[in-house]
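Colleague: The sequence isn't on hand, but the structure is:
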């Protein structure tokens, strides 16, 4: 049985800070730019304002979770979570058609990709920085 060697506290702080906190600001900024350029989402400002905080919290939790999967050597957990997320979204969006759905889906995918990038980067920083 292999014993898991945890990174140093310094590495954990650096990795999780990049993943969760820096990721929060960068992803939020990029998503705000995308939303401001989307005619589809400009029409939907009221519902977006209500949900945006929840989306930000979910993104931060996902980045924390993805970083943890990398730290513990379980990157497959990222794919399992994304599969669950895609399945739940797909069942709610499959009846809709048109450019509005495509635009929303593309922005959704960009946000997810950025979240994965920051989560994995944080995890790699935790594990690959010298102790």
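Modeller: All right, it came through fine. Since we're looking at a predicted model, the values are computed, not measured. Residues are numbered from 1 along each chain as shown.
Colleague: Next, count neighbours for the nearest residue to residue 38 once chain neighbours are set aside.
Modeller: Nearest residue to residue 38, sequence neighbours excluded (CB to CB, 6 or more residues apart in numbering): residue 103, at 5.6 Å. The way it works is simple: take the backbone N, C-alpha and C, and place the C-beta from them, glycine included. Counted with other CB atoms under 10 Å, residues neighbouring residue 103 total 15.
Colleague: Just the element for residue 120, please.
Modeller: Secondary structure assigned from DSSP states H and E places residue 120 in helix 99-128.
Colleague: quick one: least confident helix or strand in the protein?
Modeller: helix 39-42 (a mean of 64; mean pLDDT, DSSP states H and E).
Colleague: Quick one, grab the pLDDT at the residue nearest to residue 38.
Modeller: Residue 103 is assigned 78 on the pLDDT scale.
Colleague: low-confidence ranges in this structure?
Modeller: 1-3, 39-50, 90-100 (pLDDT under 70).
Colleague: now with 90?
Modeller: 1-6, 32-55, 85-109, 131 (pLDDT under 90).
Colleague: can you give me the helices in it?
Modeller: 9-16, 23-36, 39-42, 45-71, 76-93, 99-128 (DSSP state H).
Colleague: what sits against the nearest residue to residue 114 once chain neighbours are set aside?
Modeller: Closest residue to residue 114 apart from its sequence neighbours, by CB to CB, 6+ apart: residue 27 at 4.7 Å. By CB atoms under 8 Å, 6 or more residues apart in numbering, the residues touching residue 27 are 59, 111, 114, 115, 118.
Colleague: If you rank the residues you listed by neighbours, which is first?
Modeller: For the contacts of residue 27, the largest neighbour count, defined by other CB under 10 Å, is 25 neighbours, found at residue 118.
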